[in-house]
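Visitor: Have a look at this prediction, sequence included:
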Amino acid sequence: MTTIKRNYNLDEAAKILGCGRRHLIDNIGRYQHQRFGRSIVMDDEDIAANRELARRRPGAASQMQAETTVRHLRDVKPKQGRGGRRARTGS
């Protein structure tokens, strides 16, 4: 026996996820979803995956900061011009 999964439209999914409909539309590429023609829907599995995606973990932010290298302006070197040649001065 197969179970029928419920599909939620964007208004219903936004209410369940605790965000605005406009946020879902603007960021739909980041969220798991399904398309039926021009309609965008999410089922229970999609909503669970999206909740996990949006979940914040306290240690994750500090770990990401530790892995990110910060470059200071004094460490940035100017790029060479095209072909590595300097501009000609009149002579």
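Guide: Looks like it came in fine.
Visitor: Neighbours of Gln32, how many?
Guide: Burial of Gln32 is recorded as 15 neighbouring residues (other Cβ atoms under 10 Å). The C-beta positions use only the backbone N, C-alpha and C, and glycine is treated the same way.
Visitor: What of Asp46?
Guide: There are 18 residues near Asp46, going by other Cβ under 10 Å.
Visitor: Spatially, what comes nearest to it if we skip its sequence neighbours?
Guide: Closest residue to Asp46 apart from its sequence neighbours, by Cβ to Cβ, 6 or more residues apart in numbering: Gln32 at 4.5 Å.
Visitor: how close does the one you found get to Asn50?
Guide: 6 Å (Cβ to Cβ, to the nearest Å).
Visitor: intersection of neighbour lists for these two?
Guide: Met42 (Cβ atoms under 8 Å, 6 or more residues apart in numbering).
Visitor: May I ask you to confirm that Ala14 is in contact with Ile25?
Guide: No. In this structure, Ala14 is not within contact of Ile25 by Cβ atoms under 8 Å, at 9.2 Å.
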